[in-house]
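Visitor: for reference, the sequence and a predicted model appear below.
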Amino acid sequence: MNEPRGLSRDYGSTLLGAVDEGPRRQRIRIQLLLTTTIVGAQLIGIVVAISLALVGIPDPSFLRGDLVWVNFLALPVYIVCSLALGVLVGTVMTVRSLKWSMRDQVPTRDDARRTAWARRRLTALQALLWVGAAVMLGIWYGVVDPILIPKVVLIVLMSGIVVIAIVNIFVDVLLRPVYAKLMQAGFSVRGSSVRSRALSAWLIGTGVPLSGVFMVVLFAATSGRSSLVGVFVSVTVLVAVAAAVGLLAMFLFSWDVTGPIRNVQAGMSKVRGGDVSPAVDLVVYDASELGELQFGFNSMVAGLREQERVRDIFGRHVGRDVAAQALRSDPELGGAERTVAVIFVDVIGSTTLATEHTPTEVVAVLNRFFQQVVEAVETHRGLVNKFEGDAVLAIFGAPLEIDDPAGAALAASREIADRLARNVPELKAGIGVSFGTVVAGNVGAIQRFEFTVIGDPVNEGARLSEAAKEAPHLPFASERAVAAAGDDEARLWSPHTALVLRGRSAQTRIYTPTSRRTDSGSGRSEDHSAARGTP
C-alpha cells in the first residue's frame, strides 16, 4: 500500500511518540519499550509459573528436601541466564533489523523483509527459551522424581504461552512507526491479523487457566492424595490468575485494536464536518486488516477531495447554482419559462485596448474587470452566465429563484458601476438592466450543452448596455425592471430618457440611479429621496 504522509499526531498511542518525532528519539523509545516488553513478559511468565507450581497445582509438590539444589540453584541460574539472553539477543536482533528506520533511511526490499521477520524472530526466541526451560527443568526434576516431569513441563509450557502471546501482541504495537514508514515507501507489510491477536488474548486469559484447572483435577483424580479443600484452593488460585492475566490480555488486545479505529473515527468526524483537506489523511501504521481500514479511509477522502475539486471547477465554469442543480438531477436539453432580471455589461473601446496593449496586459485588465462584476453579482445572489469576449451576461432569478430578482439586479448594477469606477478606472463599460419572461434551460446538443436564458429581456439588456456607453458612470435600466423592483430599491431610480433601441420600433423608457453617492463598504446608494417618475 502506497500511502501519502498524513498529519496524525501519533500512532494510536502516546507511548509510541508523535509522527514527526526525530529518528534519534524514536530509536531510544523503541529500544526502551522493546527491552521493557521482553523483561515484563518474562517476569509475568515466571510469576505465573511459580504461582501454578506452588499453589495452583500443588501436587505433586516441589517443596522437598531432595529438590533444594534444583529449586535454589539450577532454577534461579537458568532464569537469570535466559532472561539476560532473551533481553540482550532479542533487543540486538530486533534493533539490527530496524536499523534503517532508526537512521531515517529509505527502506530497501531487504529492509522490508527483515522488518517483517523481526517480530517472528523475537517471538521464536522467547518460545525457544521457554521450551528449553521445559526440557532442562523436566530433566532436572525428573532425575530426582520422574512423577514431577508432566507437572514441570506443562506448567513451563503454559507460562511460556503467556509470555509469547504478550510479546506477540505488544511488539505489533511497538513496530507501528516502522510499519508506517514501510507502507509510505510502497511496501506491503504483513503483520499478525486481528484474528490471531484475538486468539493470543484467548490463550492468555482462558486457555492457560482452563488447562491448569484440568491438570488440578487430573492430578487429584490420579494421585488420590488431594483433599477437597486442596482442590478448592488450587482452583481459586487458578481463577485469580485467570482474572489477572485475562484482564491484562484483554487490555493489550483492546489497546492494539482500538488505536487504528480511533484514528479512523477522528478522521470521519472531520470529514462529516466538511474537512477533506490533506490534513485529514491518516498515517497507515497497522499491518493487519485495520491497516486496510486506514488505507480505505484515505482512499475515500482522496476521492471526496477530487470530487470537491471537480465540483469547484465545474462551479467556476458554469456557475455554482447551475452546477448544484446539475448535480442534484440529470440535466436535459430544453428549458422552462421563468421571470428573471438581466444585467449586460459591455466594455467601451475594447478594440483600442487590444491595439494599445499586449494580449497579456489585455487579459490582466479584463480579469480585474470581470472580478468586480462577478463579486457584485454574487453578492446579490445572481448568476454570471456568460463571459462573451469583453462583455458579461448576469441573470437574477434562474436557476435559483429569489424573492426580488429585479431589485437584486438593479442593486447589483449600481454596485458594479461603483466598483468599476473605483477599482478599474482604466476601463469604462455600458451597463444595461432588463426584466421579463425568458426560457431558461440547457441549450446545445446532448453531447455538449450549457445553461442559458433566451428571450427579449436578454436582447433588451444588451441594447441598454450599448445606450449606456454614452454615460458609462450610469447603469441604464428599463422601466419594467424598475416597476418590478421592491419599493426600497425602486425609489433609488428616476427617469433619465426615452430611446428607440437598436432593432426596436417603440421607445424604451430608461431609468438611472438618482444618486451616485455610496457608502464605504457595500456600494449601495444613500440618497433615498427620489421617487419613481415618467419622462
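Guide: Now that the structure is in, tell me what you want to look at.

Visitor: okay, CA-based contacts and neighbour counts for the rest of this
Guide: Fine.

Visitor: where's Arg338, which helix or strand?
Guide: If you go by DSSP states H and E, Arg338 is part of strand 334-347.

Visitor: what lines up beside that strand in the sheet?
Guide: When sheet partners are counted by DSSP bridges, strand 334-347 sits next to strand 391-396 (antiparallel), strand 429-445 (antiparallel).

Visitor: can you give me the end-to-end span of stretch 188-202?
Guide: Distance between the boundary residues of stretch 188-202 (Cα to Cα, to the nearest Å) amounts to 28 Å.

Visitor: list the buried residues for it?
Guide: The neighbour-count criterion (16 or more other Cα atoms under 10 Å) identifies Ser188, Val189, Gly191, Ser192, Val194, Arg197, Ala198, Leu199, Ser200, Ala201, Trp202 as the buried residues of stretch 188-202.

Visitor: mind listing residues that contact it?
Guide: Contacts with stretch 188-202, where a contact means Cα atoms under 8 Å, 6 or more residues apart in numbering, come from 1, 112, 116, 165-166, 169, 172, 179, 182-183, 246, 249-250, 252-253, 257, 286-290.

Visitor: any stretches of the stretch 301-450 of the chain with poor pLDDT?
Guide: Judged by pLDDT under 70, the stretch 301-450 of the chain has its weakly predicted residues at 310-334, 444, 446-449.

Visitor: can you point me to the longest helix in the chain?
Guide: helix 228-272 (DSSP state H).

Visitor: which strands or helices does that one pack on?
Guide: With contacts defined as 3 or more Cα pairs under 8 Å, 6 or more residues apart in numbering; DSSP states H and E, helix 228-272 has these neighbours: helix 149-174, helix 194-202, helix 208-223, helix 289-318.

Visitor: and with 10 Å instead?
Guide: The contact analysis (3 or more Cα pairs under 10 Å, 6 or more residues apart in numbering; DSSP states H and E) places helix 228-272 against helix 23-51, helix 149-174, helix 194-202, helix 208-223, helix 289-318.

Visitor: the first one to helix 149-174, inter-axis angle?
Guide: The reference is to helix 23-51. 160 degrees (axes from the mean of the first three to the mean of the last three Cα atoms, to 10 degrees).

Visitor: output stretch 491-510 as CSV, nothing but the C-alphas.
Guide: Extracted as CSV, the C-alpha positions of stretch 491-510 are listed here (Å, rounded to 0.1, in the frame of the first residue of the first chain):
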residue,chain,number,x,y,z
ARG,A,491,-37.1,54.7,-5.1
LEU,A,492,-33.4,54.9,-5.8
TRP,A,493,-34.0,55.2,-9.6
SER,A,494,-35.5,58.0,-11.6
PRO,A,495,-36.4,58.6,-15.3
HIS,A,496,-33.4,59.6,-17.5
THR,A,497,-34.6,59.5,-21.1
ALA,A,498,-36.5,57.5,-23.6
LEU,A,499,-34.8,55.9,-26.6
VAL,A,500,-35.7,53.7,-29.6
LEU,A,501,-33.2,50.9,-29.0
ARG,A,502,-31.5,49.2,-32.0
GLY,A,503,-33.7,46.7,-33.6
ARG,A,504,-36.9,48.0,-32.0
SER,A,505,-39.7,50.3,-33.2
ALA,A,506,-41.0,51.7,-30.0
GLN,A,507,-39.3,53.8,-27.4
THR,A,508,-37.9,52.3,-24.2
ARG,A,509,-38.1,54.4,-21.1
ILE,A,510,-34.8,54.4,-19.4
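
Visitor: would you mark the buried spots in that stretch?
Guide: Buried residues in stretch 491-510 (16+ other Cα under 10 Å): Arg491, Leu492, Trp493, Ser494, Pro495, His496, Ala498, Leu501, Thr508, Arg509, Ile510.

Visitor: closest to Arg262 among those residues?
Guide: The closest of the buried residues of stretch 491-510 to Arg262 turns out to be Leu492 (Cα to Cα; 59.1 Å).

Visitor: torsion angles phi and psi at that closest one?
Guide: The phi and psi values for Leu492, taken as degrees, to the nearest 10, are phi -90, psi 0.

Visitor: ok, the nearest residue to Ser478 once chain neighbours are set aside to Lys469 distance?
Guide: Distances taken as Cα to Cα, 6 or more residues apart in numbering put Ile510 closest to Ser478, at 5.0 Å, once the chain neighbours are dropped. Distance, Ile510 to Lys469, by Cα to Cα: 13 Å.

Visitor: tell me, what's touching those two both at once?
Guide: Gly432, Pro475, Phe476 (Cα atoms under 10 Å, 6 or more residues apart in numbering).

Visitor: from these, which is closest to Asp390?
Guide: Asp390 lies nearest to Gly432 out of the shared contacts of Ile510 and Lys469, by Cα to Cα, at 14.6 Å.

Visitor: ok, that closest one touching Ala468?
Guide: Yes: the pair formed by Gly432 and Ala468 meets the contact definition of Cα atoms under 10 Å, at 6.7 Å.

Visitor: which of those two has more neighbours?
Guide: When Gly432 is set against Ala468 and neighbours are counted by other Cα atoms under 10 Å, the residue ahead is Gly432, at 32 against 24.

Visitor: tell me the pLDDT of the nearest residue to that one once chain neighbours are set aside.
Guide: Distances taken as Cα to Cα, 6+ apart place Ser465 nearest to Gly432, at 4.1 Å, with adjacent residues excluded. Note for Ser465: predicted pLDDT of 92.

Visitor: surely Ser465 meets Val347?
Guide: Yes: between Ser465 and Val347 there is a contact under Cα under 10 Å: 9.2 Å.

Visitor: who's more crowded, these two?
Guide: Neighbours per residue, other Cα under 10 Å: of Ser465 and Val347, the larger number sits with Ser465, 28 against 22.

Visitor: so which strand or helix has that one?
Guide: helix 456-468.

Visitor: and Ser188, what element?
Guide: Secondary-structure assignment from DSSP H and E places Ser188 in no helical or strand segment.
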